[in-house]
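In: my questions concern the predicted model and sequence given below.
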Amino acid sequence: MERPPARERRVLPPATRARPMLPGEAAPASPPPQRPEGAALRSTTGERLSKRMTALGLASRREADEWIEAGWVSVNGQMAVLGQRVDADARIVIDPAAHKDQAKRVTILINKPVGYVSGQAEDGYEPAASLIRPDNQWAEDRSGRKWHPGHLRSLAPAGRLDIDSVGLLVLTQDGRVARQLIGDDSLVEKEYLVRVAYTPGERLPDRDLALLNEGLELDGQRLRPAKVSWQNEDQLRFVLREGKKRQIRRMCAAVGLQVLGLKRVRIGSVVLGKLPPGQWRYLCDDEYFA
């Protein structure tokens, strides 16, 4: 009688469930995260991608980093990574989702009163952003936008006014607007009405008015040409293409003028208009600074 064939024995793989951790025992190191396939390789040459995007006017540095992190930027057909460097001829493509996100960002105009600071609260003074409340929105705001708490997030001044100055103050979430108004290469005009007193008495000599227009230096640097003219016997109109700290007050002091009041009435093509002191409105879709 034949014996039945022997059964094949199978060796089972070891259990995959980890054994319980012992008290005080360190957890095993996790494997390093895998880089997404097709992502662009980092380079040690060239310019940082975020800086290059800003130079091209695509986004602010902050926006560029956010878009890169979100996977909305590709370089030469490959997904970009934070910290990546690119050559000047690199082909940078932005996903439409980034532009949609950018379009949601708001720019707000305030008629800043005396006693408010342009940025963060300091020395007991409230920031101008504290005026941005739904009950304080100008009734004649024609933007069609409704106030939302998210509009206060990442809102930053694009050109400051000191505590004693009033008028048009721009706060924006849009890095393109900020760069356009306060970037190193910005040439957008800012117009001010300045009430003054001539400390030596009588009237400012014509030669000193000429100095205000094109001959002054501040902090060892020659100022860009300005447009300064009399509006009436005690008020000057200043049009500047730069914005150094307390620039107008220091320019006036240099020729013996005391500033009694300073009001910004225009930035580029956007005017303060009839916006009441202490109230605010949104920048409309058909308004552009330049």
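Out: Arrived safely.
In: residue 97 should be in a strand, yeah?
Out: No. Under DSSP: H, G, I helix; E, B strand; the rest coil, residue 97 falls outside any strand and is assigned helix.
In: that one: neighbour count?
Out: Residue 97: 12 surrounding residues under other Cβ atoms under 10 Å. Quick note: C-beta positions are derived from backbone N, CA and C, even for glycine.
In: how about the contacts made by it?
Out: Residue 97 sits next to 70, 72 when contact means Cβ atoms under 8 Å, 6 or more residues apart in numbering.
In: from residue 56, how far off is it?
Out: 19 Å (Cβ to Cβ, to the nearest Å).
In: check residue 212 too.
Out: Residue 212 sits 36 Å away from residue 56, taking Cβ to Cβ as the criterion.
In: who has more neighbours out of the two?
Out: Residue environment comparison for residue 212 versus residue 56 gives the larger neighbour count to residue 212, 22 against 10, counting by other Cβ under 10 Å.
In: secondary structure class for the more buried one?
Out: Classification of residue 212 into helix, strand or coil gives helix, according to three-state DSSP.
In: isn't it up against residue 229?
Out: No. In terms of Cβ atoms under 8 Å, residue 212 does not count as a neighbour of residue 229; the distance is 9.5 Å.
In: what's the overlap in contacts for the two?
Out: residue 236.
In: run through the stretch 51-200 of the chain and note the low-pLDDT ranges.
Out: Counting by pLDDT under 70, the stretch 51-200 of the chain contains low-confidence residues at 103.
In: count the residues that sit near the residue nearest to residue 200 when sequence neighbours are not counted.
Out: Ranked by Cβ to Cβ, 6 or more residues apart in numbering and with sequence neighbours excluded, the top spatial neighbour of residue 200 is residue 256, at 5.3 Å. Counted with other Cβ under 10 Å, the neighbours of residue 256 add up to 15.
In: now swap in residue 162 and tell me
Out: Each residue near residue 162 was counted by other Cβ under 10 Å, and the total is 14.
In: how close does it get to residue 262?
Out: If you go by Cβ to Cβ, the gap between residue 162 and residue 262 works out to 8 Å.
In: what do those two both touch?
Out: Common neighbours of residue 162 and residue 262 (criterion: Cβ under 8 Å, 6+ apart): residue 249.
In: what ranges do the strands span in the stretch 101-250 of the chain?
Out: Listed from the start of the chain, the stretch 101-250 of the chain has strands (DSSP state E, counting those that start in this stretch) covering 107-112, 116-117, 126-127, 156-157, 166-172, 190-198, 217-218, 221-222, 227-232, 235-240.
In: in CSV, list the ones you listed along with distance to residue 268 and mean neighbour count.
Out: Rendered in CSV, the data for the strands of the stretch 101-250 of the chain read as follows (distance: least, Cβ to Cβ, whole Å; neighbours: other Cβ atoms under 10 Å):
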stretch, distance to residue 268, mean neighbour count
strand 107-112, 12, 25
strand 116-117, 22, 21
strand 126-127, 24, 14
strand 156-157, 16, 20
strand 166-172, 10, 24
strand 190-198, 8, 18
strand 217-218, 23, 12
strand 221-222, 23, 10
strand 227-232, 14, 13
strand 235-240, 11, 18
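In: right, so of those strands, which gets closest to residue 246?
Out: strand 217-218 (9.4 Å; Cβ to Cβ).
In: who does that closest one pair up with?
Out: Using DSSP bridges, the strands paired with strand 217-218 are strand 221-222 (antiparallel).
In: quick one: the strand it pairs with to chain centroid distance?
Out: 26 Å (Cα atoms, centre = their mean, to the nearest Å).
In: how about stretch 111-119?
Out: On the basis of Cα atoms, centre = their mean, stretch 111-119 is displaced by 18 Å from the centre of the chain it belongs to.
In: for it, C-alpha coordinates in CSV please.
Out: In CSV, the C-alpha atoms belonging to stretch 111-119 read as follows (Å, rounded to 0.1, in the frame of the first residue of the first chain):
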residue,chain,number,x,y,z
ASN,A,111,-8.7,108.1,6.2
LYS,A,112,-6.4,107.9,9.2
PRO,A,113,-7.0,110.4,12.0
VAL,A,114,-4.4,111.8,14.4
GLY,A,115,-3.4,109.5,17.2
TYR,A,116,-3.3,106.2,15.3
VAL,A,117,-0.2,104.3,14.2
SER,A,118,0.0,102.8,10.7
GLY,A,119,1.3,99.4,11.9
